[in-house]
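Asker: Just need the structure, nothing else, for what follows:
(chains A and B)
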Amino acid sequence: MRTLLLFGVVAGAALAQNWTTYNGTTQSTHYSALDQIKPSNVAGLDLKWVSQADSLEKFEATPLVIDGVMYVTEPPNTAVALDTRTGRPYWRYERPVPPGNYVCCGNVNRGLAIQGDTIFMGTLDAHLVALDRATGRKKWETKVADYTHGYSITVAPLVVKDKVIVGPAGGERGISGFLAAYDTNTGKEVWKFHTIPQPGEPGHETWSGDSWKTGGGSTWVTGSYDPELNLVYWGIGNPGPDWNPTARLGDNLYTDSVVALDADTGKLKWHYQFTPHDEWDFDSVQVPVLVDLNWRGKQRKAMLWGNRNGFFYVLDRTSGEFLLGKPFVRQTWSKGLDDSGKPMKISGTSPSISGTDVYPGVQGGTNWYSPSFSPRTGLFYLTAWENYHTSYYTWEQEYEPGKSFTGGSARSPIPSIRREPIITWGPEWGYGVIRAINPMNGEKVWEYKMLDVSDAGILTTASDLLFSGNREGYFFALDAKTGKELWKRYLGMQVADSPITYTVDGIQYISVAAGHAIFTFALGHGG
Amino acid sequence: MTRFSYLLFLFSSAAMVHAQHGSIADAPFSTPRDVAAGRQSFRSQCAACHGLDASGGTVAPSLVSGTFKHGGSDEALFTVITKGVPGTAMTGFALDGREVWQLIAFLRSMNVARSAAKAPGDAGKGAQVYQTNGCARCHTNGSGSGGFSGPDLSEIGSRRTLAQIEQAIVDPNAYVDPAYWSVKAEMNSGQTVNGIRMNEDMDSIQIREPGGRLRTLMKADLARFEIVRTSPMPSFREKISGADLQNLVAYLASLGGSTAEAENK
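Answerer: Presented below is the predicted three-dimensional model:
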């Protein structure tokens, strides 16, 4: 119980029966207060239904559930409403993908946002669409960016008060990134924050020459919101060209940073850059996890962050002050962080013509899939790629609008994005772990080791269960206190989203996507 | 009928894609200048995933092995480039037809499929060496006979250089494809099992026993197990040498499969 006094999730976590945002609440702990399914009965989980997508692209979407109806996107550009008890669809909204609409890593979408009777979806052709919740019919649409210039939207939007916030993917196509807020009723743009500062804006001087014009800075994973501070927090993607850092001298703000923006105006309150002048594609597009901590005897509004660069961070989310940073996987690019939290780069780790091996590899120590924080255990949980490296190559590249603009290449022994569940390589090439970290000191408390890496996020519950999955095709439940495996099912294809939980008619359900299908579980008879 | 119009005649769907994006009346784009232009497009369009030298990258396979997963014919390559491969990171590219053909010309120039022509040995005599030494006990060569415990050799000429083929015969352990690593295990009962390691996860290992039986070992049932990374194939260094070795290499290099046929059209 001591931990309950030490840690408190900020207000808003009470809506346990529904799953209303990408990460459950705008504080993004991916924690649920539900406790019907617990360590003593989790072995009785039964498969209730499977819903298969039309497309063979993989699911990266986290569903929303409101009053017994699941709203989710299927790849490439489809929104569906399903009955959570049977899996039967109520409606589908399909939007064609125009020719030349390029997305770096598969035609994926991470989900929806909802407010009242309106569902919001970002589309691959870089539009924001508002749909009627009951019929799936379009209320309005707004062009967010030009897909022919490499912009797309894969992020699940975030609703804050009367605004819906989205931003583009396209960091491998020389975009100039931003985050923008639109009026939920009209779709009219209310504010826009340039993640690559334009001429005259502070931070513009961190880009040499004209490199800011194609600087990347995508915003492809959903951020968080603190209603008391009225701040929106969002992780920013890699600088472009990814692997030719000499083409963009300087710190390259605000790439690989977290930005804190005034929710009403989009004005920058503070920023913290995890990887200045990134050379390895360490997008900081992880989910900002907002928790209140008793930090060295003082109550702090904190932000926990497991970064793609291999370091775990604790920041003060009121001011952006760096409180702690420690590697959570093997990393070979930095001697560590200085007192201000700035990494001390090791020389000889830059991409080269003949290839430079660096840990972690291009998919990072972790990536976009959601971590979790349980206020009961006080632990931060993340999916990590351990002992994993990439050979980074560099070359000169001219920018051509809409075309790939990476300035190099990255090769890893482990496939980056997707494959069938067959593993024939050796464990020395890297493996996946679920790791529990004590945020007070950054130390590992326990880990659950897998043979393959994983692109699955984490759900924790008030019964101290942890749900996640992996590329081997397993979906499993662990004891959140010890990491002990309590239940596991083979779903036949990689899990590449984050599980959710909700109740319908008083019964607790767990849903997760694997391959191109959604699976829903609940306790069987006598469970 | 020129090769080009023959392809168009046969594969109207690819041609329709082509027609949407550019002229199809010109000569096929396969001059050295086209190869150079293809190399340029490859650099901007493809290299981030497939590597600058097309030898494969983090998300994408090698394109220089001579064998293409989704077909090595011109039309198959055209379709993959313009339409992509569903369910993978390979999306379709909106290029004009000329650019697509130049990319294909570049890929052709990068491949090793012409090894056979360079082999000094006699492929006909090499076929005899193949038979005499019992290679077919473990390998298929595309003729409909042979074993399956070793790698399929029916397209080996388009996947490996002459030097690689020779090395695989005299020193099979120099490079062992992880798909041919094996597992040696002792069950809790004391019984020993072994076989080719076909797959593994947290809890289980899928093996192919020497007799060909597929079997799953649960790790909980194993007292210990070890991944053996050497090749089950013995070295033929002492048995095959000189002219016989050159002839066998020439024979294997001539096994080009569909890619070689496409080359000869």
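Asker: what are the ranges of the strands in the stretch 101-250 of chain B?
Answerer: Counting by DSSP state E, counting those that start in this stretch, the stretch 101-250 of chain B has strands at residues B:182-187, B:192-200, B:204-208, B:214-218, B:222-228.
Asker: To chain A, which of the ones you listed lies closest?
Answerer: When these are compared by CB to the nearest CB, strand B:192-200 sits nearest chain A, at 4.9 Å. In short, each C-beta sits where N, CA and C put it, glycine included.
Asker: quick one: the closest one to strand B:182-187, angle?
Answerer: Per axes from the mean of the first three to the mean of the last three CA atoms, to 10 degrees, the angle that strand B:192-200 makes with strand B:182-187 is 120 degrees.
Asker: What pairs with strand B:192-200, parallel or antiparallel?
Answerer: Strand B:192-200 has the following strand partners under DSSP bridges: strand B:182-187 (antiparallel), strand B:204-208 (antiparallel).
Asker: That one relative to strand B:214-218, how many degrees between them?
Answerer: Calculated by the same axes, to 10 degrees, strand B:192-200 forms an angle of 90 degrees with strand B:214-218.
Asker: Output strand B:192-200 as PDB, nothing but the C-alphas.
Answerer: What follows is strand B:192-200, C-alpha atoms only, in PDB (Å, rounded to 0.1, in the frame of the first residue of the first chain):
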ATOM      1  CA  THR B 192      18.500 -38.000 -27.300                       C
ATOM      2  CA  VAL B 193      16.900 -36.400 -30.300                       C
ATOM      3  CA  ASN B 194      18.400 -34.300 -33.200                       C
ATOM      4  CA  GLY B 195      17.200 -32.700 -36.400                       C
ATOM      5  CA  ILE B 196      17.300 -29.600 -38.500                       C
ATOM      6  CA  ARG B 197      16.100 -26.600 -36.500                       C
ATOM      7  CA  MET B 198      13.100 -25.300 -38.500                       C
ATOM      8  CA  ASN B 199      11.800 -22.800 -36.000                       C
ATOM      9  CA  GLU B 200      12.000 -21.900 -32.300                       C
END
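Asker: neighbouring contacts of it?
Answerer: With contacts defined as CB atoms under 8 Å, 6 or more residues apart in numbering or on different chains, strand B:192-200 is touched by A:421-424, A:451, B:149, B:179-187, B:205-210, B:214-215, B:217, B:227-228, B:232.
Asker: now that strand: mean pLDDT?
Answerer: For strand B:192-200, the mean pLDDT works out to 94.
Asker: In it, which of the residues would be classed as buried?
Answerer: The neighbour-count check on strand B:192-200 (16 or more other CB atoms under 10 Å in any protein chain shown) flags B:193-200 as buried.
Asker: do stretch A:233-246 as well
Answerer: Neighbour-count burial for stretch A:233-246 [16+ other CB under 10 Å]: A:233-245.
Asker: Also stretch B:223-241?
Answerer: In stretch B:223-241, counting by 16+ other CB under 10 Å, buried: B:225, B:227, B:231-233, B:236, B:240.
Asker: If we only consider these, which is nearest to chain A?
Answerer: The shortest approach to chain A among these belongs to B:Ile227, at 6.7 Å (CB to the nearest CB).
Asker: The buried residues of stretch A:233-246: which ones sit near chain B?
Answerer: Among these, the residues that sit close to chain B (CB under 8 Å from any CB of the partner chain) are A:Asp242.
Asker: Check the buried residues of stretch A:233-246 against B:Met110 and report the nearest one.
Answerer: Comparing these against B:Met110 with CB to CB places A:Trp243 closest, at 21.5 Å.
Asker: Looks like the closest one contacts A:Gly355 (just checking).
Answerer: No - counting by CB atoms under 8 Å, A:Gly355 is not a contact partner of A:Trp243; they are 10.6 Å apart.
Asker: Between these two, which contacts overlap?
Answerer: Joint contacts of A:Trp243 and A:Gly355 (CB under 8 Å, 6+ apart) are A:392-393.
Asker: can you give me the helices for the chain?
Answerer: Unless you meant another one, I'm taking chain A. Taking DSSP state H as the criterion, chain A carries its helices at A:2-6.
Asker: think we crossed wires, I meant chain B
Answerer: Under the criterion DSSP H, helices of chain B are mapped to B:3-10, B:12-21, B:32-41, B:47-50, B:74-83, B:97-110, B:115-118, B:123-132, B:156-159, B:162-170, B:242-253, B:257-264.
Asker: Report the contact partners of residue 239.
Answerer: I'll assume chain A. Counted by CB under 8 Å, 6+ apart, A:Pro239 has contacts A:171, A:215-217, A:245, A:248, A:252, A:255-256, A:277-278.
Asker: wrong chain, I was asking about chain B
Answerer: Contacts for B:Lys239 (CB under 8 Å, 6+ apart) come out as B:Asn133.
Asker: measure it to B:Val176 for me?
Answerer: 20 Å (CB to CB, to the nearest Å).
Asker: Repeat that for A:Val69.
Answerer: Distance check for A:Val69 against B:Val176: by CB to CB, it reads 53 Å.
Asker: Stretch A:68-77 and chain B, are they touching?
Answerer: No - Stretch A:68-77 stays clear of chain B (CB under 8 Å from any CB), getting no nearer than 9.1 Å.
Asker: pLDDT on that stretch, on average?
Answerer: 94.
Asker: Start and end of that stretch, how far apart?
Answerer: Using CA to CA, to the nearest Å, one end of stretch A:68-77 lies 23 Å from the other.
Asker: what does the stretch 51-200 of chain B put close to chain A?
Answerer: For the stretch 51-200 of chain B, the contact set with chain A under CB under 8 Å from any CB comprises B:51-52, B:56-59, B:86-89, B:91-94, B:178-179, B:181, B:197-200.
Asker: pretty sure A:Ser416 contacts A:Gly364?
Answerer: No - in this structure, A:Ser416 is not within contact of A:Gly364 by CB under 8 Å, at 10.1 Å.
Asker: what about these two, which has more around it?
Answerer: A:Gly364 (26 against 22; other CB atoms under 10 Å in any protein chain shown).
Asker: quick one, what contacts the more buried one?
Answerer: A:282-283, A:307-310, A:385.
Asker: correct me, but A:Lys481 touches A:Thr377?
Answerer: Yes - counting by CB under 8 Å, A:Thr377 is a contact partner of A:Lys481 at 5.7 Å.
Asker: who has more neighbours, those two?
Answerer: Set side by side, A:Lys481 and A:Thr377 give different neighbour counts by other CB under 10 Å, the larger being at A:Thr377 (21 against 17).
Asker: roughly how far apart are that one and A:Asn23?
Answerer: To A:Asn23, A:Thr377 is 18 Å away according to CB to CB.
Asker: circling back: out of the contacts of A:Pro239, who's nearest chain B?
Answerer: Ranked by distance to chain B (CB to the nearest CB), the contacts of A:Pro239 are led by A:Gly171 at 11.3 Å.
Asker: was I right about that closest one contacting A:Ser284?
Answerer: No - counting by CB under 8 Å, A:Gly171 does not reach A:Ser284; the two are 11.2 Å apart.
Asker: Spell out which residues are contacts of both of the two.
Answerer: In contact with both A:Gly171 and A:Ser284: A:Gly237, using CB under 8 Å, 6+ apart.
Asker: what's the burial count for A:Asp316?
Answerer: Other residues lying near A:Asp316 total 18 when counted by other CB under 10 Å.
Asker: I'd say it and A:Gln299 touch.
Answerer: No - between A:Asp316 and A:Gln299 there is no contact under CB under 8 Å: 11.0 Å.
Asker: Check the gap between the residue of chain B most remote from its centre and chain A for me.
Answerer: Most distant residue from the mean C-alpha position of chain B: B:Ser189, 40.7 Å away (CA atoms, centre = their mean). Separation of B:Ser189 from chain A (CB to the nearest CB, to the nearest Å) stands at 24 Å.
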